[in-house]
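Q: Model the following, please.
(one chain, ligands or ions: 3)
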Amino acid sequence: MRTNLSVEEALSLVLEEARGELSVEELPLKEAYGRVLAEDLASEVDHPDQDDTAIDGYACRQEDTRSASPESPVRLRVIGEAPAGRPFPGEVGPGEAVAVYTGAPIPKGADAVVRVEDTRREGEYVLLFAPASPKDIRPKGDDLKKGEVYLKRGDLLTPGRLGLAAAMGYPRLKVFRRPRVGILSTGDEVVEPGEPLPFGGVYNSNAYSLWGLVLEAGGEPVLLGKVPDDPEAVLARLKEAGPLDLLLTSGGVSMGEYDVVRKVLERHGEVVFWKVRQQPGGPLLFARLGGLPVLGLPGNPVSSMVTFFLYGRPFLFRLLRRTEPPYRSLRARALTPFRGAVDKKVFRRGVLSFEGELVVRTTGNQSSGVLRSMAVGNALVVLPPGQDVREGEEVEAIPLTFVL
Ligand SMILES: Nc1nc2c(c(=O)[nH]1)N[C@H]1C(S)=C(S)[C@@H](COP(=O)(O)OP(=O)(O)OC[C@H]3O[C@@H](n4cnc5c(N)ncnc54)[C@H](O)[C@@H]3O)O[C@H]1N2
Ligand code: MOO
Ligand SMILES: [Mg+2]
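A: Ligands and ions are numbered 1, 2, ... in the order given. As a prediction, the model looks like this:
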């Protein structure tokens, strides 16, 4: 077992275990929203499939209209119309125009369009007060070219990408199965919300903050309930759990006599590492139990969230072959001081906003037991070992909310 690792060493050991191949399922577009593509998608069509107009107006021959102005309009004969989806069957000759509507194919013979606002219709004629121009013609394939790959395996299906898949002609998409992530809460004192809280009890918040984090990371959370600080109970519950791709436990990984998760995993599994030089989350444990990777998250509510975000989320991204990184670092100006630690990488909670530049302020009390900091905060402020940040200095901030 390795111990006292740096954050980077710990992360690379966790990622090494994300070797599994997730099976693939095919879903209708609506159900594929928020899932991860399992195949590259090449467009089945050109879009537009021919040159079309980007404006409502009149298609005509540019050379007929060059002299058009409000003072001396040009008069053209309107020989027909082309609404979107209904091409004009004929050809536009000299002195002629076709009324076209946004999205309609440019009629044969025409090479320019004038917007309807710059015209006046007079029976079968139209007066142009401005020259027609080719700039409002969208060339064939302007958006999509048939055969070109626009979405890649590992792309998260965001609203724009779901629409793009539809635009490319796909009614169903192959996506990766969501990895199943077990969440086991441990602790004699832990009580489910809704039950009366005994003296010294604490409501099980970890299960629910992890539930949300797992969903956001593309996993399928599986609540395994809570067990007392008893090795037999922990083992029994794990045996009952169905197939999982990752197990999260919360609590019981520190130095205490009742910190049983560590003991169970040492005895029945294989501990890869225990303790990382970071705060919060220092007692993080990573193990294998049978073939199952287990992240033993420290019980403090902030610690369990931060360690899932820093290690569990990247693990799931790797399994899902995600094309985007699990999180991104930004630089922001600190508007409050942030305190680091001599020998640890510290992750403070901050509120990141844009006030002419990116700025970040502390959420206040930074104790690992203060879950409010994760509810108010939208970023982790990263302080390398030995670094404090004074007001006005630049600092690394990782948004906790989703950034593509
Ligand atoms: N002597 C030392 N004591 C502690 C150390 C240390 O290095 N030496 N590390 C501290 C740090 S840092 C952390 S973090 C915690 C980690 O504790 P455990 O993982 O062993 O967790 P527990 O002892 O079971 O609980 C800690 C704390 O979290 C509350 N908790 C637990 N589960 C939940 C839950 N599901 N929902 C809400 N809150 C939960 C629990 O009541 C405790 O208050 O250890 C320090 N100690
Ligand atoms: O690391 Mo503990 O996670 O500070 O509270
Ligand atoms: Mg403990």
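
Q: Could I have the CA atoms of stretch 352-364 written out in CSV?
A: Output for stretch 352-364, consisting of C-alpha atoms alone and laid out as CSV, is shown next (Å, rounded to 0.1, in the frame of the first residue of the first chain):
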residue,chain,number,x,y,z
LEU,A,352,-16.4,32.8,-8.9
SER,A,353,-17.9,35.7,-10.9
PHE,A,354,-17.1,38.1,-13.6
GLU,A,355,-16.7,41.7,-12.6
GLY,A,356,-14.8,43.1,-15.6
GLU,A,357,-12.4,40.2,-15.0
LEU,A,358,-12.8,36.8,-13.3
VAL,A,359,-12.8,37.3,-9.5
VAL,A,360,-13.2,34.8,-6.7
ARG,A,361,-14.2,35.3,-3.0
THR,A,362,-14.1,32.9,-0.2
THR,A,363,-17.4,31.3,0.9
GLY,A,364,-16.5,31.9,4.5
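
Q: roughly how far out does it sit from the chain middle?
A: Taking C-alpha atoms, centre = their mean, to the nearest Å, the mean C-alpha location of stretch 352-364 is offset from the chain mean by 22 Å.

Q: Same question for stretch 236-251.
A: Stretch 236-251 sits 26 Å away from the centroid of its parent chain (C-alpha atoms, centre = their mean).

Q: do stretch 111-129 as well
A: Its chain's C-alpha centre lies 46 Å from the corresponding centre of stretch 111-129 when counted by C-alpha atoms, centre = their mean.

Q: mind exporting stretch 255-264 as PDB, just the C-alpha atoms?
A: Once non-C-alpha atoms are left out, stretch 255-264 reads as follows in PDB (Å, rounded to 0.1, in the frame of the first residue of the first chain):
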ATOM      1  CA  MET A 255      -7.400   7.200  12.200                       C
ATOM      2  CA  GLY A 256     -10.300   6.400  14.600                       C
ATOM      3  CA  GLU A 257     -11.000   3.100  16.300                       C
ATOM      4  CA  TYR A 258     -14.400   3.000  14.500                       C
ATOM      5  CA  ASP A 259     -13.000   3.800  11.100                       C
ATOM      6  CA  VAL A 260     -13.900   0.400   9.800                       C
ATOM      7  CA  VAL A 261     -14.000   0.900   6.000                       C
ATOM      8  CA  ARG A 262     -10.200   1.000   5.900                       C
ATOM      9  CA  LYS A 263     -10.000  -2.200   8.000                       C
ATOM     10  CA  VAL A 264     -12.500  -4.100   5.900                       C
END
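
Q: Next secondary structure after the helix or strand bottoming out on mean pLDDT in the chain?
A: Sorted by mean pLDDT, DSSP states H and E, the helices and strands of the chain end with helix 231-240, the least confident at a mean of 90. Going down the chain from helix 231-240, the next helix or strand is strand 246-250, by DSSP states H and E.

Q: is that following strand up against ligand 2 anywhere?
A: No. With C-beta under 6 Å from any ligand atom as the criterion, ligand 2 is not reached by strand 246-250; the gap is at least 11.2 Å. C-beta here means a position set from N, CA and C on the backbone, and glycine is covered the same way.

Q: who's in contact with that strand?
A: Strand 246-250 is touched from outside by 179-186, 206-207, 210, 214, 219, 234, 238, 241, 261, 289, 292-299, 304, 308, 312, 315-316, 319, with contacts defined as C-beta atoms under 8 Å, 6 or more residues apart in numbering.

Q: try it again with 7 Å
A: Surrounding strand 246-250, the residues in contact under the criterion C-beta atoms under 7 Å, 6 or more residues apart in numbering are 179, 181-186, 206, 210, 261, 289, 292-297, 299, 304, 308, 312, 315.

Q: Pull the contacting residues for the residue of the chain found nearest ligand 1.
A: Each residue of the chain has a distance to ligand 1, by C-beta to the nearest ligand atom, and the smallest belongs to residue 299, at 2.5 Å. With contacts defined as C-beta under 7 Å, 6+ apart, residue 299 is in contact with 187, 250-252.

Q: if you set the cut-off to 10 Å instead, what comes out?
A: 185-187, 189-190, 202, 206, 249-254, 256, 259, 261, 283, 368-369 (C-beta atoms under 10 Å, 6 or more residues apart in numbering).

Q: same for ligand 3: which of those residues are within range?
A: When contact is defined as C-beta under 5 Å from the ion, those meet ligand 3 at 254, 256, 259.

Q: The nearest residue to the last one once chain neighbours are set aside: what's it in contact with?
A: In space, residue 259 comes closest to residue 252 once its chain neighbours are excluded; the distance is 4.5 Å by C-beta to C-beta, 6 or more residues apart in numbering. Counting by C-beta under 10 Å, 6+ apart, residue 252 touches 184-187, 227, 229, 231, 234, 258-265, 283, 285, 296-299.
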